[in-house]
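Colleague: please find the sequence and the predicted model below.
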Amino acid sequence: MEVEKKEEVESESSEQVVNPWEVSAKDGGKIDYDKLIDKFGCQRLDQSMVDRVQRLTSRPPHVFLRRGVFFAHRDFNEILDAYERGDKFYLYTGRGPSSEALHLGHLIPFMFTKYLQEAFKVPLVIQLTDDEKCMWKNLSVEESHRLARENAKDIIACGFDVSRTFIFSDFDYVGGAFYKNMVKVAKCVTLNKAMGIFGFTGEDHIGKISFPPVQAVPSFPSSFPHLFTGEENLRCLIPCAIDQDPYFRMTRDVAPRIGYNKPALIESSFFPALQGENGKMSASDPNSAIYVTDTAKDIKNKINRYAFSGGQDSIEKHRQLGANLEVDIPVKYLTFFLEDDSELEHIKKEYGAGRMLTGEVKKRLIEVLTEMVERHRRARAAVTDEMVDAFMAVRPLPSMFN
Ligand code: TRP
């Protein structure tokens, strides 16, 4: 018995790790999302919910919903119940500005949030955690503050509506009502609890340990008096990648104790690296991801050279056995970004049966991504400093629900 127990503990430690700072699958395999749902205690987003979103918004659900990219949630059904009764909500998402260039994985929550904002006609707050990245990535205060503004341009380029969107940098905005809420949250979380949720140790500096309340409180409308005075019961929905869940587990645990609603969440899986599906892309390896700053030539080279193929190594074998779609990165990327359902089905069928070759699938993917990145580049170039100022101004949004 004793021995068995020990083994269990040891295999635990070689398990997959998913937290805001580390994403790695067990022994180089794939992330097990079912296991993650169990471990975190969130709910699976099922087809009936996707259908319900379609009914309530009278438009086709986003590709990321239809294809299960956003696959888990917490209380999203309650947001929909309230919406059905005529109650609105607000959206909250964010980004840690750690680098100049965003990759495609970074755009996913923003593309999806833009769809939610448009479909539900609701206000949105976007937090730029320049303080977080300064503390974790060893950037100077000035540099991470500068990156926040640079990243805001990429975010704005995703097409958000300035009349319903407030973007803020923590360095600029923390204070007043926001800070009061941070202190309320901080008083409810012991050091032991924070160590349990986030894995902090005695070697971590106290800046890190004190950070979680900063990411927690945008979940509460009273943190934004210029937007939500008189709307303190407004519900909050947070679209994010599932690695951010620990922050919001803490937030949901504390909320009722300080008299606030728990935020609801809608959570995505990770966008895989070109080399294959065993974690997130790595900022330190430029060949593991497609960046929004990549040229058409870069995209072509990266896909052709690095995108892991599930095709067979000889044409004869491929014709005979077909591609393994489970591990094929071009198909996976097309699942995220090729809008046309029937074309995607066609590719999967033909490629899986060996009638289509890897080169042909890659060619289609290169077209799709080049067009998307080009569109982003044009949109970003059109974002002026005045526009950034407009999104980041502390101001009321008088027609945010229209
Ligand atoms: N911590 C996130 C990151 O490093 C940034 C963030 C802040 C965020 N608030 C959020 C992400 C809310 C999703 C939802 O990218």
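Modeller: Structure's in. What do you need?

Colleague: my guess is R252 meets K262, correct?
Modeller: Yes: between R252 and K262 a contact is recorded at 4.2 Å, counting by C-beta atoms under 8 Å. From N, CA and C alone the C-beta is placed, and that goes for glycine too.

Colleague: how is this structure partitioned into domains?
Modeller: 2-275, 286-381 (automatic domain parsing).

Colleague: the ligand contacts on the stretch 201-350 of the chain?
Modeller: Applying C-beta under 6 Å from any ligand atom, one finds that the stretch 201-350 of the chain approaches the ligand through 215, 238, 240, 244.

Colleague: which element follows the helix or strand bottoming out on mean pLDDT in the chain toward the C-terminus?
Modeller: Least confident element among the helices and strands of the chain, by mean pLDDT, DSSP states H and E: helix 2-13 (a mean of 40). Following helix 2-13 in sequence order, the next helix or strand is strand 17-19 (DSSP states H and E).

Colleague: is any residue of the helix or strand following that following strand near the ligand?
Modeller: Downstream of strand 17-19, the first helix or strand assigned by DSSP H and E is strand 22-24. No: Strand 22-24 does not reach the ligand (C-beta under 6 Å from any ligand atom); its nearest approach is 11.8 Å.

Colleague: if you average pLDDT over strand 22-24, what comes out?
Modeller: Mean per-residue pLDDT for strand 22-24: 86.

Colleague: buried ones in that strand?
Modeller: Across strand 22-24, burial judged by 16 or more other C-beta atoms under 10 Å covers V23.

Colleague: and if you look at stretch 142-157?
Modeller: By neighbour count with 16+ other C-beta under 10 Å, stretch 142-157 contains the buried residues 144-157.

Colleague: before we move on, what about stretch 322-329?
Modeller: Buried positions in stretch 322-329, judged by neighbour count with 16+ other C-beta under 10 Å: 322-323, 325, 328-329.

Colleague: most widely separated two among those residues?
Modeller: The two members of those with the most space between them (C-beta to C-beta) are G322 and I329, at 16.3 Å.

Colleague: strands of the chain, start to end?
Modeller: Taking DSSP state E as the test, the strands found in the chain are 17-19, 22-24, 43-44, 70-74, 89-95, 124-128, 165-169, 235-241, 264-268.

Colleague: which one of the ones you listed lies nearest to L107?
Modeller: strand 89-95 (10.1 Å).

Colleague: okay, now the sheet partners of that closest one, with direction.
Modeller: For strand 89-95, the pairing partners within the sheet under DSSP bridges are strand 124-128 (parallel), strand 235-241 (parallel).

Colleague: now that strand: mean pLDDT?
Modeller: Averaging pLDDT along strand 89-95 yields 98.

Colleague: cool, and stretch 160-177?
Modeller: Stretch 160-177 shows a mean pLDDT of 98.

Colleague: which parts of it are buried?
Modeller: Here stretch 160-177 shows 160-161, 164-171, 173-174, 177 as buried, counting by 16+ other C-beta under 10 Å.

Colleague: shared neighbours of R252 and K262, which are they?
Modeller: Common neighbours of R252 and K262, counting by C-beta atoms under 8 Å, 6 or more residues apart in numbering, are R74.

Colleague: and S284, what pLDDT?
Modeller: With respect to pLDDT, S284 scores 70.

Colleague: what is the neighbour count of it?
Modeller: When neighbours are counted by other C-beta atoms under 10 Å, S284 registers 6.

Colleague: quick check: which of the strands of the chain is nearest to K349?
Modeller: Per C-beta to C-beta, nearest to K349 of the strands of the chain: strand 70-74, 23.3 Å.

Colleague: any regions of the stretch 51-200 of the chain where pLDDT drops low?
Modeller: For the stretch 51-200 of the chain, no stretch is flagged by pLDDT under 70.

Colleague: what does it put close to the ligand?
Modeller: 92-96, 127, 129, 132.

Colleague: among those residues, who's most crowded?
Modeller: Counting by other C-beta under 10 Å, top hit in those: Y92 with 27 neighbours.

Colleague: now do the contacts for it.
Modeller: 124-127, 218-219, 236-238, 263.
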